[in-house]
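Colleague: need a structure here:
(4 chains)
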Number of protein chains: 4
Amino acid sequence: MIANLNHSSAHTLSIRIYYEDTDAGGIVYHANYLKFAERGRTEYLRSLGYDHQQVMAEYKLILVVRHIEIDYRAPARLDDLLEVRTETIACGNTSIGMKQQVYKGEKLLAELKVTVVAVTPEGKAVRLPPHLRQIFGSHKPAE
Amino acid sequence: MIANLNHSSAHTLSIRIYYEDTDAGGIVYHANYLKFAERGRTEYLRSLGYDHQQVMAEYKLILVVRHIEIDYRAPARLDDLLEVRTETIACGNTSIGMKQQVYKGEKLLAELKVTVVAVTPEGKAVRLPPHLRQIFGSHKPAE
Amino acid sequence: MIANLNHSSAHTLSIRIYYEDTDAGGIVYHANYLKFAERGRTEYLRSLGYDHQQVMAEYKLILVVRHIEIDYRAPARLDDLLEVRTETIACGNTSIGMKQQVYKGEKLLAELKVTVVAVTPEGKAVRLPPHLRQIFGSHKPAE
Amino acid sequence: MIANLNHSSAHTLSIRIYYEDTDAGGIVYHANYLKFAERGRTEYLRSLGYDHQQVMAEYKLILVVRHIEIDYRAPARLDDLLEVRTETIACGNTSIGMKQQVYKGEKLLAELKVTVVAVTPEGKAVRLPPHLRQIFGSHKPAE
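Modeller: Purely as a prediction, here's the structure:
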């Protein structure tokens, strides 16, 4: 049994938009939202007490993305200050499901559902270590 | 009524993997598949007789991504030669649905469903110009 | 005549290294130091009271890079926390010279000399507006 | 003694500009020229009979960039087709010097001088293997 916390369990990261993030359409290039989301998941992991190097050192595994669904609602532009909100919505034996939202102030710009799995350095999918499952699962919002 | 072609209507683009595409996990960084897919859609558009500058000049609009679903099956690595296959699977008044697959030889590495819409330079969503609808629709595989 | 300040005029920006920044060599991809430097110059500009949108709105010009010299001393890795130090070293009628250094703790990883010029949206090089010259020049270290 | 060839020894690679390469200034983002140059060096290496994986497998070393000087002459834009010309201009015991030029048709857009060195996977600088020196050196233009 895994304890659930309330919705305030979402992790938030601020991201400033630079020229590197934009494209000739004058807006943030669509693929870069996946970079922002990955920064958000990395800082969320760090807030849970881990970084990627430690996950590798301790468990000999890498967390990789298996599936992403992203909905683009409104564009971001140069100099904007965005906010990435990340929360765990599912945590099973082999995968973690996360919901991520990119906001500019009160406005939702993009929403992602991301499935992360654990693989060995050789790329073989493996079960999530119980401790990792527990820390992600314990931050899942209450149903 | 829009004529349908057979499956051979898929457009194919070869993509070489360079250091810029990889990450410290030793594999292609997951967000970069969205870049490869966008290169594939751009060359598909070019094969239909258009480039982005022409779409802007002729219709005063930009084709932007509204939704992406991507499934990662297997990783790609440095020096790999990949193939991006792009085809239209739906073409409505306001959006074009495409299926894109990234292969290494016979092996499917990633599969995307992408919804593209037309917006004005100010970002307002508009109906697709009939001629663009027709050329995309006429390359949709038969059901 | 332009007043000079002392060395403490250097602007500092912290940058966290994510998977997106690294390559299959296990280190930060060399081209990404130019992105970090551009983030540093943008925040330096912001600290002087301007952002890119304001420079465009007020002067109808864009600051673009004309020349870069970069020396790579030591690599950065995933999860590293770097510091970009930016200072003006020359400020003429048509160009600004900056020195930028990327540190990990006390260790110098990379050093850049960057020449920035002002261009119109059509790409024509123009003289720097006196006010911009003044704010950059006033932050040049004393000789 | 190293044989010299004539100027036709320059290697040429075509590069198409996509949205991912551009920024909100409407032109190719300046850092991306370093990516184009690295693609050019990689294909030049391949034309000499090597890829990065083979250099690692055969010599247990990685070729990394030690110094770059880049001069930006004119911008590139969306849909442009560029050409990267790469040639060896110096080849010593520990480093290879290359000159790289990015053209759009007859127009020179950017010029780079790049110094490449060999390092072990742990990052230690080492002498270039004689065979690698020879193949790069033999493609140096005659003085």
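
Colleague: which element follows the longest helix along chain A toward the C-terminus?
Modeller: Of all segments of type helix in chain A, defined using DSSP state H, the longest is helix A:32-47. Next helix or strand after helix A:32-47 toward the C-terminus (DSSP states H and E): helix A:52-59.

Colleague: what sits up against that following helix?
Modeller: The contact list for helix A:52-59, computed with CB atoms under 8 Å, 6 or more residues apart in numbering or on different chains, reads A:42, A:45, A:61-63, A:118, A:121, A:129, A:132, C:19, C:77-79. In short, each C-beta sits where N, CA and C put it, glycine included.

Colleague: flag whichever of the residues you listed scores worst on pLDDT.
Modeller: pLDDT across the contacts of helix A:52-59 is lowest for residue A:121, at 85.

Colleague: wondering if stretch A:111-124 reaches chain B at all.
Modeller: Yes: using CB under 8 Å from any CB of the partner chain, we find that stretch A:111-124 touches chain B at A:121, A:123.

Colleague: please report the distance of the residue nearest the centre of chain A from residue A:63.
Modeller: Geometric centre of chain A, nearest residue: residue A:41, 3.1 Å, by CA atoms, centre = their mean. With the distance defined as CB to CB, to the nearest Å, residue A:41 ends up 8 Å from residue A:63.

Colleague: what's the overlap in contacts for these two?
Modeller: What both residue A:41 and residue A:63 touch, as defined by CB under 8 Å, 6+ apart, is the set residue A:116.

Colleague: near chain B, which residues of chain A?
Modeller: So chain A meets chain B at A:25-27, A:30-32, A:34-35, A:38, A:62, A:64-72, A:74-75, A:121, A:123 (CB under 8 Å from any CB).

Colleague: what segments of chain A are strands?
Modeller: A:11-16, A:62-72, A:81-91, A:95-104, A:107-119, A:125-126 (DSSP state E).

Colleague: to chain C, which of those strands lies closest?
Modeller: Across the strands of chain A, chain C has its closest neighbour in strand A:11-16 (7.7 Å, CB to the nearest CB).

Colleague: how about residues contacting the closest one?
Modeller: Residues from elsewhere that reach strand A:11-16 (CB under 8 Å, 6+ apart): A:36, A:39-40, A:43-44, A:47, A:79-87, C:39, C:43.

Colleague: are any of these buried, and which?
Modeller: For those, a burial check counting by 16 or more other CB atoms under 10 Å in any protein chain shown picks out A:36, A:39-40, A:43-44, A:79-80, A:82-87, C:39, C:43.

Colleague: so which of the residues you listed is the closest to chain D?
Modeller: residue A:79 (9.4 Å).

Colleague: for that closest one, which non-adjacent residue is closest in space?
Modeller: Once flanking residues are discounted, residue A:79 sits nearest to residue C:51: 4.6 Å by CB to CB, 6 or more residues apart in numbering or on different chains.

Colleague: against residue A:93, how distant is residue A:79?
Modeller: Taking CB to CB, one finds residue A:79 at 44 Å from residue A:93.

Colleague: pLDDT below threshold where in chain A?
Modeller: Low-confidence segments of chain A, defined by pLDDT under 70, are located at A:1-8, A:139-143.

Colleague: show me which residues of chain A are close to chain D?
Modeller: So chain A meets chain D at A:19, A:20, A:22, A:23, A:24, A:25, A:26, A:27, A:29, A:31, A:77, A:78 (CB under 8 Å from any CB).

Colleague: the second one touches residue C:41, doesn't it?
Modeller: To tie it back to what came earlier, the one meant is residue A:20. No: with contact defined as CB atoms under 8 Å, residue A:20 and residue C:41 do not form a contacting pair (11.8 Å).

Colleague: which one in chain A is furthest away from the centre?
Modeller: In chain A, the residue most distant from the centre (CA atoms, centre = their mean) is residue A:24, at 26.9 Å.

Colleague: count of residues packed around the residue nearest to residue A:79?
Modeller: 15 (other CB atoms under 10 Å in any protein chain shown).

Colleague: list the contacts for residue A:36?
Modeller: A:15, A:82, A:84, A:102.

Colleague: doesn't residue A:40 make contact with the third one?
Modeller: In other words, residue A:84. Yes: between residue A:84 and residue A:40 there is a contact at 3.6 Å, judged by CB under 8 Å.

Colleague: need the overlap of contacts for those two.
Modeller: Shared contacts of residue A:84 and residue A:40 (CB under 8 Å, 6+ apart): A:13, A:100.

Colleague: ok, residue A:44 - contacts?
Modeller: A:11, A:13, A:86, A:98.

Colleague: what do you get if the cut-off is 6 Å, keeping everything else the same?
Modeller: A:11, A:86 (CB atoms under 6 Å, 6 or more residues apart in numbering or on different chains).
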